[in-house]
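Enquirer: Fold the following for me, if possible:
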Amino acid sequence: MTNKLYYGDNLGVLRDHVADESVDLVYLDPPFNSNATYNVLFKAPDGAQSQSQIEAFDDTWQWGETAEDAYWQVLKGPNSEAARMLEAMRGFLGENAMMAYLAMMAIRLIELHRVLKPTGSLYLHCDPTASHYLKILLDAIFGARQFENEVVWQRTNTKAHAFTRFSSSHDVIFYYRKSGDFTWNPQYLPHSDDYIKSHYGNIEEETGRRYTLGDCTNPNPDRPNLTYEWMGVTKVWRWTKEKMQSMHDQGRIIYTKSGAPRYKRYLDEMKGTPISSVWTDIPPINSQAQERLGYPTQKPVALLERIVSASSNPGDVVLDPFCGCGTTVHAAQKLGRAWIGIDVTHLAISLIERRLRDAFGTDARFTTYGVPKDIGAARDLAARDKHEFEKWAISLIPDAQPFRGGKKGADTGIDGIVYMRTEKNRTDKAIVEVKGGGVSVDQIHKLKSVIEREKALVGLFVTLTPPTKPMIAEAAAAGFADTAFGRVPRLQILTIEGILEHREVPRLPAVDSSAFKKAPKEKQQGQTSLDL
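Expert: Residues are numbered from 1 along each chain as shown. Sure, this is the predicted structure:
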């Protein structure tokens, strides 16, 4: 019984592997932004947007066969309200990128509604680019009456460069429940110092406890069972007469000069200030944040902890169908929930695996589905899909990024890149070449030429087939690269089998990587397991 991490299109995974009404909480942060690729995991060392993240949602941004198929699946499906709404949207928007995105999201939101338990909830995180359209879809799928909140999260500090409008600094999180009977755990913030001073200025001499005085009367006049005489006054009181007597005996009742009873409400008995739908207390991930791992779209763990804590209980199942860098499953693991994570890139899956093991060690018990785990499965993937095999093999190299987003194109001799900061103000790189078929010494010659052309520090030749002796000799003849951290082989051959069995690892300078940092250790609140 394990938590589950799936590689693949979340639509197929949901349909094939997640049962009806089996999930307690869904959080999703679907990739959409009109100005940038929303699910970019990395930036280049110079801070620019990198093409190294696989742009797995290319088809989402244009109307085509995939979007048309998703649209017709909704129209032909059982959710007539969603079908009518999507049809109206198409009439308004036409066949453009936004409509393609909404069609792809609609069919997935219908599946997410299916897998939610009747007591379950869904949180959809988005920016203002598409939030208004997504809310209309959610109203159609869940029902407008199931809408609970539009949470506004201040994701950035105010910027000074917005000269023609108000500075954009927030994201929107829509919160829907599946039915009227749903899990809800109120969340609180500690009272501010100013609030404590103004509202809890009384200090009990015997104990030093801060308190304020509360009203003993009941605001509801129609409560016969609470209407009685107390100290010569008949009113509708806050408690039963027995409870009032108990409070009096405990010294919790103070009588004013007029004889009116007031009760002591101690500060240390209060949970805090209830959290509203505007969240300004959770800062974004900045360059100094300890939890920052290097993902430009990374969300703070505290943000997901609040959502998971509010709408699930220990042992419940939390699902993130666009799990990206894994913050949702990280929060679920930390809080003792079971979880399901889904992502469509090998890069994300490998990074989540590493993140969880770095943060939770042996407590991070989960099973990954959809990616090869042994040499037989690797050979099968290479035979079925060469391009997919290359993307997966690159994900085995720590911090490696697919070249040009992993898109198919002319062979440049580069399948992946590892950026390395070898000195304070210097960035070097390693070139990764992947081969899933036959190999020869000529390929080593070619990689040596690519290393020279790209002015790379190191070349990594990753092969499914064991190298020949001439290949090994030619790689050794390439010599070593000298760095401030010592010498490393200039050209290294790594086998898929050796990597999977942890016998072979790239020999790179032990330096700061600009891509992915180690997650800090976490303390876990109990064990999690999932049996679906």
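
Enquirer: ok, residue 256 - contacts?
Expert: residue 262 (CB atoms under 8 Å, 6 or more residues apart in numbering). Every C-beta, even on glycine, is put in place using the N, C-alpha and C of the backbone.

Enquirer: do residue 272 as well
Expert: Applying CB under 8 Å, 6+ apart, the residues near residue 272 are 188, 189, 190, 191.

Enquirer: Just want to check the distance between it and residue 439.
Expert: As judged by CB to CB, to the nearest Å, residue 272 and residue 439 stand 63 Å apart.

Enquirer: Next: residue 462.
Expert: In terms of CB to CB, residue 462 sits 11 Å off from residue 439.

Enquirer: what's around residue 327, how many residues?
Expert: As a burial measure, residue 327 scores 27 neighbours (other CB atoms under 10 Å).

Enquirer: mind checking how far the closest residue to it other than its chain neighbours is from residue 279?
Expert: Using CB to CB, 6 or more residues apart in numbering and skipping residues adjacent in sequence, the residue nearest residue 327 is residue 299, 4.8 Å away. As judged by CB to CB, residue 299 and residue 279 stand 12 Å apart.

Enquirer: again with residue 99
Expert: 31 Å.

Enquirer: same for the lengthiest helix in the chain, what does it pack against?
Expert: Secondary structure of the chain per DSSP state H: the longest helix is helix 97-115. Helices and strands touching helix 97-115, by 3 or more CB pairs under 8 Å, 6 or more residues apart in numbering; DSSP states H and E, are helix 10-17, strand 23-28, helix 65-76, helix 80-93, strand 116-126, helix 131-142.

Enquirer: could you give the angle of that helix to strand 116-126?
Expert: Relative orientation of helix 97-115 and strand 116-126, computed by axes from the mean of the first three to the mean of the last three CA atoms, to 10 degrees: 150 degrees.

Enquirer: quick one, helices of the stretch 301-450 of the chain?
Expert: Applying DSSP state H, counting those that start in this stretch to the stretch 301-450 of the chain gives helices spanning 301-311, 327-334, 346-360, 375-384, 386-395, 441-454.

Enquirer: ok, the residue lying closest to residue 346 once chain neighbours are set aside - contacts?
Expert: Excluding its sequence neighbours, the residue lying closest to residue 346 (CB to CB, 6+ apart) is residue 395, at 4.0 Å. By CB under 8 Å, 6+ apart, the contact set of residue 395 is 346, 347, 349, 350.

Enquirer: Distance from the chain centre to whatever helix or strand residue 175 lives in, please.
Expert: Element membership for residue 175 (DSSP states H and E) is strand 170-177. Chain-centre distance of strand 170-177: 14 Å, with CA atoms, centre = their mean, to the nearest Å.

Enquirer: what are the pairing partners of it, and which direction each?
Expert: Here strand 170-177 is paired, per DSSP bridges, with strand 116-126 (antiparallel), strand 147-154 (antiparallel).

Enquirer: Can you pull out the residues in contact with the longest one?
Expert: Spelled out, that is strand 116-126. Against strand 116-126 from outside (CB under 8 Å, 6+ apart): 21-30, 32, 109, 112-113, 134, 138, 142, 148, 151, 171-179, 181-183, 299, 307, 311.

Enquirer: Now with 7 Å, please.
Expert: Contact with strand 116-126 is made by 21-30, 112, 134, 138, 171-179, 181-183, 307, 311, as judged by CB atoms under 7 Å, 6 or more residues apart in numbering.

Enquirer: Buried residues of that strand, list them for me.
Expert: 116, 117, 119, 120, 121, 122, 123, 124, 125, 126 (16 or more other CB atoms under 10 Å).

Enquirer: can you tell me how far the fourth one sits from residue 343?
Expert: When CB to CB is applied, the distance between residue 120 and residue 343 equals 21 Å.

Enquirer: What would the helix or strand that contains residue 493 look like as CSV? C-alpha coordinates only.
Expert: If you go by DSSP H and E, residue 493 is part of strand 491-495. Extracted as CSV, the C-alpha positions of strand 491-495 are listed here (Å, rounded to 0.1, in the frame of the first residue of the first chain):
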residue,chain,number,x,y,z
LEU,A,491,34.0,12.4,-22.0
GLN,A,492,32.1,9.8,-19.9
ILE,A,493,30.1,6.8,-21.0
LEU,A,494,27.2,5.8,-18.8
THR,A,495,25.0,2.7,-19.4
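
Enquirer: can you give me the mean pLDDT across that strand?
Expert: Here strand 491-495 scores 97 as its mean pLDDT.

Enquirer: the inter-axis angle of that strand versus helix 386-395?
Expert: 110 degrees.
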